[in-house]
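Chemist: Here you go, sequence then predicted model.
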Amino acid sequence: MNLANFITSIRLVLVPFIVLALVYGRDWLAFAFLAVALISDLIDGFVARKMNQITDLGQVLDPLADKSLFLALFGYFAWVGRIPIIAFFLLLLPYFALMLGGGVMYQYEGKVVKANVWGKTSSAVLALGLIFVYFRLPFSLYLIYLGIAGSFLSALVYFRIGIRNQTSRTERGG
């Protein structure tokens, strides 16, 4: 496992600790873990690009870690009533579609779908929205719903790419 994938793995491992810290009222510990997770998201991508460590595993682990983190926090904040439960389910839809579509594409194409600008932007907005929710700042739900809209847009972009790939494969006779 290379350094970039190791950093991503740390983010994935931190998810249950963040939620447990929140459940047990250790808010600052949860925030410290969350800060490490969010910073690691920036670092792993930088390391992967600069050290030429971009791998299929990393391209699967990174979005898995992001989606796990966001869904766990959305689930927790919905459970305690800090965001509407519908926000959790609205985020679940494009995430499920992205993961399912990515798996299908890997199965048939043998390649991992790369992140698009909409996915990266929606992740940044969702992270900011969750920080706003955590600190009970105004406009947190606007950021949350804007990030969810970005996730839907990202899923549509991937869907379009998948359709285009399928069409070109059919035209080639494959």
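Modeler: Arrived safely.
Chemist: what does stretch 4-14 contact?
Modeler: The contact list for stretch 4-14, computed with CB atoms under 8 Å, 6 or more residues apart in numbering, reads 1, 33-34, 36-37, 40-41, 43-45, 47-48, 51, 53-55, 57-58, 61-62, 64-66, 68-69. Glycine gets a C-beta too; all of them are placed from N, C-alpha and C.
Chemist: Give me the subset of these lying in helices.
Modeler: The subset of the contacts of stretch 4-14 located in helices under the criterion DSSP state H comprises 33-34, 36-37, 40-41, 43-45, 47-48, 57-58, 61-62, 64-66, 68-69.
Chemist: From V19, how far out is V80?
Modeler: The gap separating V80 from V19 is 11 Å, by CB to CB, to the nearest Å.
Chemist: Give me the more crowded residue out of these two.
Modeler: Comparing V80 with V19 by neighbour count (other CB atoms under 10 Å), the higher total belongs to V19, at 18 against 10.
Chemist: And the more buried one, how far from L29?
Modeler: 12 Å.
Chemist: ok, for D56, nearest residue in space, not its chain neighbours?
Modeler: Sequence neighbours aside, V112 is the residue nearest to D56 in space, at 4.9 Å (criterion: CB to CB, 6 or more residues apart in numbering).
Chemist: Could you do D62 as well?
Modeler: In this structure, D62 finds its nearest non-sequential neighbour in T8, 5.2 Å apart by CB to CB, 6+ apart.
Chemist: For that neighbour, identify the helix or strand it belongs to.
Modeler: Of the helices and strands defined by DSSP states H and E, T8 is found in helix 3-23.
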